[in-house]
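K.L.:
Using only what follows, build the 3D model:
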Amino acid sequence: MKCKIFLKQYIKMFAQNCVLPVWYQICRYKRVIPGLIIFADAHHDQRPENVKFLYRRLSEYAEEKTGKMQIKELYLNYQTASPAKVTRHMLEFMKLYARAECVIVCDNFLPAASCRKRKETRVVQLWHACGALKKFGYDTTDDIPKQYHGNVFRNIDLVTVSSPKCVSPFASAMRLNPECVKPLGVSRTDVFFQEGWKENCRREFYRFYPEANGKKNVLWAPTFRGNPGSPRTIELDLNKLQEQLGEEWLVLSRVHPHMHEHYLQSDCKIPTERLFPVVDVMIADYSSLIFEYLLFDKPLVLYVPDLTEYQERRGFYLEFSEIPGVQVKNESMLPSVIEQEYLAYCQQKKYNKVQSDENQMRQKKREQFIQTYMQNCDGHATDRILEYIIKEM
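P.N.:
Residues are numbered from 1 along each chain as shown. Prediction:
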């Protein structure tokens, strides 16, 4: 198994360092194709959620500009695909890359950084995370493969982030000029403001979990620790938590995608963001999904028994105490904190105009946090990103 992984990594690095730059130079002798836009990803076999909104809007725009714009999609999960498929995918991408006006990605995509691109081509990085919580990219030793030489984020012309507060952290993590990082919002969050989408999520959830009818739902949604290639997470006994909370509650988990193959407990198959409309309380730790979840104005519990260790090893872009959620370090405290936070939430909703001083302070802290880190995730991010891309092409 280790030999197979090493072989795949060797082939990928050889292709990226030697084959792809040469192939790109050969293909770039032809002129740029006006209006050619490429969506590419190396983590999914089909269109990622992070690009769906922008793809749809660009497709609509392309129909209006008949004959003046064409869109190509190239998606492949490099972790599960064979070396031969990965190589073919890279070569096909580079051929189009050499002649495209715009390339759109939403995560690390090494082929786009394998050469010095032509200046006529714009590379847009939508990224997959909101806010600026844990350090990532070149600000930590865990994210970038040690064997990779160069800048993973090389050639990026635009990174879209959720607020002005996030510009500096992203520029640092990606080693980019801050001028390349724009607080246009995160495209995929637009759907959070659509009532039809929320209702679809509820219907889907209760089809999967009919036993949840009439119950309160609590979601354990941790991120991973360490390197993406060998991820780990902290332990939380969900069966014990379910027993302690009782039949009035349904306890679910949805771990980080890197953990799906390593997680031993039963994990929910519904994507995390589609669970937000039905969750009553979320238990999280250091995941950026905290920022998205807070847009739904629901209770947040931060289960962080390894906070000191995580701070020392990885670090944060903010003071962890800024986050509007109750910190819990002892697992035995979780049931009582979950119930207390849910009760306080219900009281706030019921007596909205006559809140206690404590609840008013909590609500103000939440609103300030969202304004600081998510102010441009307002349901119109895709419009701003589309306008920027079209203007730059």
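K.L.:
so what's V326 bridging to?
P.N.:
The residues listed as beta-bridge partners of V326 by DSSP bridges are V301.
K.L.:
residues in contact with V186?
P.N.:
Applying C-beta atoms under 8 Å, 6 or more residues apart in numbering to V186 gives the contacts L126, W127, C130, T160, V161, S162, C377, A381. Backbone N, C-alpha and C define where each C-beta goes, glycine included.
K.L.:
run the last query once more with 6 Å
P.N.:
Counting by C-beta atoms under 6 Å, 6 or more residues apart in numbering, V186 makes contact with C130, S162, C377, A381.
K.L.:
Just the ones of the residues you listed in helices?
P.N.:
If you go by DSSP state H, the contacts of V186 have A381 in helices.
K.L.:
Which of the contacts of V186 ranks first by neighbour count?
P.N.:
Neighbour counts for the contacts of V186 (other C-beta atoms under 10 Å) peak at S162, which has 29 neighbours.
K.L.:
pLDDT below threshold where in the stretch 101-250 of the chain?
P.N.:
145-149, 224-232 (pLDDT under 70).
K.L.:
how about the strands in it?
P.N.:
Applying DSSP state E, counting those that start in this stretch to the stretch 101-250 of the chain gives strands spanning 102-105, 122-125, 158-160, 181-182, 216-220, 249-253.
K.L.:
With the stretch 251-393 of the chain instead?
P.N.:
Under DSSP E, counting those that start in this stretch, the stretch 251-393 of the chain gives strands at 281-284, 300-303, 326-328.
K.L.:
just those: most buried one?
P.N.:
A comparison of the strands of the stretch 251-393 of the chain by mean neighbour count, using mean count of other C-beta atoms under 10 Å, puts strand 281-284 on top with a mean of 24.
K.L.:
by contact count, what packs against that one?
P.N.:
In terms of contacts (3 or more C-beta pairs under 6 Å, 6 or more residues apart in numbering; DSSP states H and E), strand 281-284 is packed against strand 216-220, strand 300-303, helix 334-350.
K.L.:
Each with direction, which strands does it pair with?
P.N.:
With DSSP bridges as the test, strand 281-284 is paired with strand 216-220 (parallel), strand 300-303 (parallel).
K.L.:
Would you enumerate the residues in contact with C377?
P.N.:
Contacts for C377 (C-beta under 6 Å, 6+ apart) come out as S162, G185, V186, T189.
K.L.:
go again using 8 Å as the cut-off
P.N.:
C377 touches C130, S162, S163, G185, V186, T189, F192, F291, E292, L295, counting by C-beta under 8 Å, 6+ apart.
K.L.:
Quickly note the distance from the closest residue to it other than its chain neighbours to N50.
P.N.:
Closest residue in space to C377, ignoring its immediate chain neighbours: T189 at 4.2 Å, by C-beta to C-beta, 6 or more residues apart in numbering. To N50, T189 is 10 Å away according to C-beta to C-beta, to the nearest Å.
K.L.:
same deal with D157?
P.N.:
18 Å.
K.L.:
Counting neighbours around each, name which of the two comes out higher.
P.N.:
Counting neighbours by other C-beta under 10 Å for D157 and for N50 shows that N50 has the greater number, 22 against 18.
K.L.:
Just the element for that one, please.
P.N.:
Assigned by DSSP states H and E, N50 falls within helix 49-64.
K.L.:
which element follows that helix toward the C-terminus?
P.N.:
strand 70-75.
K.L.:
Give me the average confidence score over that next one.
P.N.:
Mean pLDDT, strand 70-75: 96.
K.L.:
residues of the helix or strand just after that strand that come out buried?
P.N.:
Downstream of strand 70-75, the next assigned helix or strand under DSSP H and E is helix 83-97. By 16 or more other C-beta atoms under 10 Å, the buried positions in helix 83-97 come out as P83, V86, T87, H89, M90, L91, F93, M94, K95, L96, Y97.
K.L.:
Out of these, which comes closest to Q244?
P.N.:
The shortest approach to Q244 among the buried residues of helix 83-97 belongs to V86, at 46.0 Å (C-beta to C-beta).
K.L.:
Quick check: that closest one touching L76?
P.N.:
Yes: because the distance of 6.8 Å satisfies C-beta atoms under 8 Å, V86 is recorded as touching L76.
K.L.:
among the contacts of C377, who's most crowded?
P.N.:
Neighbour max across the contacts of C377 (other C-beta under 10 Å) = V186, 31 neighbours.
K.L.:
about what we covered before: of all the helices and strands packed on strand 281-284, which one is nearest G150?
P.N.:
Closest to G150 of these is strand 300-303 (C-beta to C-beta; 36.1 Å).
K.L.:
Alpha carbons of that closest one, as CSV, please.
P.N.:
What follows is strand 300-303 as a C-alpha-only set of coordinates in CSV (Å, rounded to 0.1, in the frame of the first residue of the first chain):
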residue,chain,number,x,y,z
LEU,A,300,-22.7,26.7,18.9
VAL,A,301,-20.7,24.5,21.3
LEU,A,302,-16.9,24.3,20.9
TYR,A,303,-15.6,21.0,22.1
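K.L.:
contact partners of that strand?
P.N.:
Contacts of strand 300-303 (C-beta under 8 Å, 6+ apart): 220, 222, 234, 236, 281-285, 290, 293-294, 323-329, 331, 334, 337-338, 341.
K.L.:
Restrict those residues to the buried ones and give me that as a PyMOL selection.
P.N.:
Restricted to buried positions by 16+ other C-beta under 10 Å, the PyMOL selection for the contacts of strand 300-303 reads:
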select buried, resi 220+222+236+281+282+283+284+285+290+293+294+323+324+325+326+328+331+334+337+338+341
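K.L.:
Can you identify each of the helices in the stretch 101-250 of the chain by residue range?
P.N.:
Here the stretch 101-250 of the chain has its helices, by DSSP state H, counting those that start in this stretch, at 167-174, 195-208, 238-245.
K.L.:
Now render these as CSV, adding distance to Y61 and mean neighbour count.
P.N.:
Output for these, formatted as CSV (distance: least, C-beta to C-beta, whole Å; neighbours: other C-beta atoms under 10 Å):
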stretch, distance to Y61, mean neighbour count
helix 167-174, 26, 20
helix 195-208, 22, 13
helix 238-245, 45, 16
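K.L.:
possible to save those as CSV with distance to G214?
P.N.:
Converted to CSV, the helices of the stretch 101-250 of the chain look like this (distance: least, C-beta to C-beta, whole Å):
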stretch, distance to G214
helix 167-174, 42
helix 195-208, 11
helix 238-245, 15
